[in-house]
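J.: No letters, just coordinates:
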Ligand SMILES: [Zn+2]
């Protein structure tokens, strides 16, 4: 995994599917994603489910999941069938499942304390690093059961750093000329350009990779929120009040597209009793106003009386004394009675 400014380059291997034309049973993958994307995906993966796990490693690779019985070396240059493919992944999944679940639990809390825009009240206006500082302090409190320090639970981690230009012009020049150019000439160009430090992290342990990404998220002051539709964390970029993520459902629609519609629909249907009541009340209430033109009206006190009765009826439905159907019939009957009574 490489880190370049606010991007992460993840280099990994995945087990090629038997149907793919291949030279080796391991397919290299390279992903360029915003910092935090891997950790977020890791957190929203259900490792108890075969499909969810397979989807994760198809995208992010196998490298972080080398298990006790199956290593990359074992499966390299091996032929296997469709059945064996799923079997290999299933063995790995079962071996790492409990472990990754414990890592997930740690990060779930870490996200809440350090990055969640809807986190504890005291986090308002603080950077993620300031929040982390307080969260670590809070652990020392007696009987405290909140934040858990995300440690690299085990696994080896190697780090390297490369100086790299952050300027395309300089890159082009180096590519074109640098091999033979005098160092004095290169120095003149470098002098007016920024040089960045690219970090390279290698590990075959997913928790170690998560740990490094967590540190990077602190550095860039990541802001997260749980999506109001799918309840999974997402990176908040741009508008701070964004409530929905861009994950897609099976029809390719994002939470951002369907979330607000769903919410509206849910609100409307939250209480079917209230909905029925409101409809009738609205009709009756218009009749108290219509009176001014027609002279025919429902008296306000009659309407109040009806409202009390309707409320009692709703309670009866909730207590199971009458059915919704009976309530509906009562509403219709009483509405007709009231409106006819004034004619
Ligand atoms: Zn979502």
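T.: Sure, I can see it. Predicted model, so just to flag it, every value in this text is computed and none were measured.
J.: CA only for contacts and neighbour counts going forward, please
T.: Noted.
J.: and the residue of the stretch 1-150 of the chain found nearest the ion, what is it in contact with?
T.: Distances between the stretch 1-150 of the chain and the ion by Cα to the ion are smallest at residue 44, namely 10.5 Å. Contacts for residue 44 (Cα atoms under 8 Å, 6 or more residues apart in numbering) come out as 232-233.
J.: Next, residue 65: phi, psi?
T.: phi -120, psi 20 (degrees, to the nearest 10).
J.: neighbours around it, how many?
T.: By other Cα atoms under 10 Å, the residues close to residue 65 number 21.
J.: what are the bridge partners for it, then?
T.: When bridges are assigned using DSSP bridges, the partners listed for residue 65 are residue 205.
J.: Contact partners for it?
T.: By Cα under 8 Å, 6+ apart, the residues touching residue 65 are 92, 96, 204-206.
J.: Mind putting those residues into TSV with pLDDT, neighbour count and distance to the ion?
T.: Output for those, formatted as TSV (pLDDT from 0 to 100; neighbours: other Cα atoms under 10 Å; distance: Cα to the ion, whole Å):
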residue	pLDDT	neighbour count	distance to the ion
92	88	20	28
96	89	16	26
204	83	20	29
205	86	20	27
206	87	22	24
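J.: for those, which one is nearest residue 226?
T.: The shortest separation between residue 226 and any of the contacts of residue 65 is 22.5 Å, and it belongs to residue 206 (by Cα to Cα).
J.: Name the spans of the stretch 101-250 of the chain whose pLDDT lies under the cut-off.
T.: Nowhere does the stretch 101-250 of the chain drop to pLDDT under 70.
J.: Which pLDDT value does the model give the residue of the stretch 1-150 of the chain closest to the ion?
T.: At residue 44, the model reports a pLDDT of 93.
J.: now do residue 275
T.: pLDDT for residue 275: 80.
J.: Quick check: which element contains it?
T.: With the criterion set as DSSP states H and E, the secondary-structure element containing residue 275 is helix 272-294.
J.: Could you tell me which helix of this protein is the longest one?
T.: Secondary structure of the chain read by DSSP state H shows that its longest helix is helix 82-114.
J.: chain center to the helix or strand following it: distance?
T.: With elements assigned by DSSP H and E, the helix or strand that comes after helix 82-114 is helix 128-138. Its chain's C-alpha centre lies 22 Å from the corresponding centre of helix 128-138 when counted by Cα atoms, centre = their mean, to the nearest Å.
J.: buried set for the longest helix of the chain?
T.: Within helix 82-114, the residues scored as buried using 16 or more other Cα atoms under 10 Å are 85-86, 89-90, 92-93, 95-96, 100-101, 103-104, 106-114.
J.: same question, stretch 297-316
T.: By neighbour count with 16+ other Cα under 10 Å, stretch 297-316 contains the buried residues 297-299, 303, 306, 310, 313-314.
J.: Same check on stretch 254-274?
T.: Within stretch 254-274, the residues that qualify as buried by neighbour count (16+ other Cα under 10 Å) are 254-256, 259, 273.
J.: Tell me what angle the longest helix of the chain forms with helix 128-138.
T.: If you take axes from the mean of the first three to the mean of the last three Cα atoms, to 10 degrees, helix 82-114 sits at 80 degrees to helix 128-138.
J.: which helices and strands does the helix or strand hosting residue 212 pack with?
T.: Secondary structure assigned from DSSP H and E places residue 212 in helix 206-219. Here helix 206-219 touches helix 37-43, helix 82-114, helix 128-138, strand 195-202, going by 3 or more Cα pairs under 8 Å, 6 or more residues apart in numbering; DSSP states H and E.
J.: buried sites along that helix?
T.: Counting neighbours by 16+ other Cα under 10 Å, one finds that the buried residues in helix 206-219 are 206-214, 216-218.
J.: Among these, find me the one that's closest to residue 224.
T.: Of all these, the one with the least separation from residue 224 (Cα to Cα) is residue 217, at 10.2 Å.
J.: Am I right that that closest one is in contact with residue 38?
T.: No. Between residue 217 and residue 38 there is no contact under Cα atoms under 8 Å: 11.2 Å.
J.: sorry, back to before: quick one: closest of the helices and strands packed on helix 206-219 to residue 27.
T.: Each of the helices and strands packed on helix 206-219 was checked against residue 27 via Cα to Cα, and the shortest separation belongs to helix 82-114, namely 13.3 Å.
J.: Give me the angle between that closest one and helix 206-219.
T.: Between helix 82-114 and helix 206-219, the angle formed by their directions is 30 degrees, by the same axes, to 10 degrees.
J.: from the buried residues of stretch 254-274, which are also near the ion?
T.: Taking Cα under 5 Å from the ion, the overlap between those and the neighbourhood of the ion is residue 255.
J.: what are the bridge partners for residue 29, then?
T.: If you apply DSSP bridges, the partners that residue 29 bridges to are residue 12.
J.: residues near it, how many?
T.: Using other Cα under 10 Å, residue 29 has 15 neighbouring residues.
J.: what sits against it?
T.: When the contact criterion is Cα under 8 Å, 6+ apart, the partners of residue 29 are 10-14, 60-61.
J.: Which member of the residues you listed is positioned nearest residue 232?
T.: Within the contacts of residue 29, proximity to residue 232 (Cα to Cα) peaks at residue 60, which comes in at 18.0 Å.
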